[in-house]
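1. Everything below, folded, please.
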Amino acid sequence: MTKSGPPVVTPPLSTLKQKKRKVFHEHGKDSLELAVSIGKTQEDKALLKAERHHQPQTGQPRSERTHQKSRTKKKLEEVKATIANKRARLQREKIKRRKERSGPAVHQKSSPSSNAQDRAPRKRVSFV
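-> From the prediction side, this is the model:
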């Protein structure tokens, strides 16, 4: 035999579900005040969040910050120009060295006999 626990007593549904009484406001005055107060708190939250994200930097007016951007752009352009000048100068030096190295010397072709003397004799194979 199995043991069973104490019997479970469930209260009737009417006691579990308490009825709430409806509250009617006179002419909607209270509900309008509630809506206005909720709107004000939401607006205050939004403004506070916007202020946190959009704080202007103290001590620097907006015009000076844009001026700094243009100053950095000018500096970048100067650096790019310096690099371009350096590359052009190196290219000219490279061309100059190439011209000096080759100079007025005429290319001399070595005769085939001198090349043959330098190399080992080639073995020939014939198939009969």
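2. now the helices for this structure?
-> Under the criterion DSSP state H, the chain contains helices at 13-16, 29-53, 62-102, 112-118.
3. Give me the below-cutoff pLDDT ranges for the chain.
-> Low-confidence segments of the chain (pLDDT under 70): 1-16, 24-27, 55-68, 103-118.
4. what number of residues lie near residue 78?
-> Residue 78 has 10 neighbours, counted by other C-beta atoms under 10 Å. Bear in mind the C-beta positions are built from the backbone N, C-alpha and C, glycine included.
5. what do you get for the one 5 residues further on?
-> For residue 83, the number of neighbouring residues by other C-beta under 10 Å comes to 10.
6. about what we covered before: adding distance to residue 23 as columns, could you present the helices of the chain in a markdown table?
-> Output for those, formatted as a markdown table (distance: least, C-beta to C-beta, whole Å):
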| stretch | distance to residue 23 |
| --- | --- |
| helix 13-16 | 22 |
| helix 29-53 | 9 |
| helix 62-102 | 53 |
| helix 112-118 | 115 |
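7. With residue 22 as the reference, name the closest of those helices.
-> Checking those against residue 22 by C-beta to C-beta gives helix 29-53 as the closest, at 13.2 Å.
8. The closest one - contacts with which helices or strands?
-> Applying 3 or more C-beta pairs under 8 Å, 6 or more residues apart in numbering; DSSP states H and E, one finds that helix 29-53 contacts no other helix or strand.
9. buried sites along it?
-> Buried residues in helix 29-53, counted by 16 or more other C-beta atoms under 10 Å: none are found.
10. Of all the helices of the chain, which one is nearest residue 128?
-> Evaluated over the helices of the chain, closeness to residue 128 peaks at helix 112-118, with 26.5 Å, by C-beta to C-beta.
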